[in-house]
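> generate coordinates for the sequence data below:
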Amino acid sequence: MPKANIIAMLVNPISPDAAPEIRDVQAAAQANKLELKLFNASTPDEINLAFAALAKQRPHALLVGSDPFFVVRRDELVALAARYRIPSIYPFREFPDSGGLMSYGTNIPKVNHDAGSYAGRILKSAKPSDLPVLQPTTFELVINLKVASALGVTVPPSLHARADEVIE
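Got it, this is the predicted structure:
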């Protein structure tokens, strides 16, 4: 969305990750001279209210925060974004798999596998204090071209080439 200058962000205000995530997105928006509008939702009713407000304000794109509350409601979020024709980027690949436009984030099954490996090591008597702290090192870009076409969004070849997966 090279001409986008108004970006919306959907966040769960009661999430402990909301404040640092908002701070990072605000810094990125400011550095790129974008206007950022925040929309809060921490209940299913608030999701509907947030999207109704989004529809009135017509941002050029929507970034959905990485809260588990949103992951569980991904089908609803994807359907609302489609209904209101808002190009949206999500934090996990499960969203484009459910019909969202695109995602950029960690691979949840891999993170869960790593957590399981740690639990297994601890159960086999490893001291948690002896285990290194792991952080995700790979991030996936997934693009759903069917949704892009439905929204009238052109995915540049350079972005298409960078994608880890393209859903045709």
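> confirm that Y104 sits in a strand.
Yes: assessed by DSSP: H, G, I helix; E, B strand; the rest coil, Y104 belongs to a strand.
> next, the residue of the chain positioned farthest from its centre: phi, psi?
Going by C-alpha atoms, centre = their mean, the residue of the chain most distant from its centre is S125, 36.6 Å out. When quoted as degrees, to the nearest 10, the phi and psi of S125 stand at phi 80, psi 10.
> separation between it and S117?
Relative to S117, S125 is positioned 15 Å away (C-beta to C-beta, to the nearest Å). Yep, even glycine has a C-beta here, placed from its N, CA and C like the rest.
> likewise for I14?
31 Å.
> and what of P91?
Taking C-beta to C-beta, one finds P91 at 23 Å from S117.
> now the strands: where do they sit in this structure?
With DSSP state E, the ranges of strands along the chain come out as 6-11, 35-40, 61-64, 88-90, 102-105, 140-144, 165-167.
> most packed of these?
Mean neighbour count (mean count of other C-beta atoms under 10 Å) peaks for strand 88-90 among these, with a mean of 25.
> more neighbours, P91 and S117?
P91 (20 against 12; other C-beta atoms under 10 Å).
> contact partners for that one?
Contact analysis of P91 by C-beta atoms under 8 Å, 6 or more residues apart in numbering lists 64-66, 70-71, 103-105.
> quickly note the distance from it to I22.
14 Å.
> what's the closest of the contacts of P91 to V147?
Closest approach to V147 among these (C-beta to C-beta): S103, at 11.2 Å.
> was I right to think that closest one contacts V78?
No: between S103 and V78 there is no contact under C-beta atoms under 8 Å: 10.6 Å.
> which neighbours do these two have in common?
F95.
> contacting residues for A8?
The contact partners of A8, by C-beta under 8 Å, 6+ apart, come to 36-39, 54, 57, 59, 61-63, 86.
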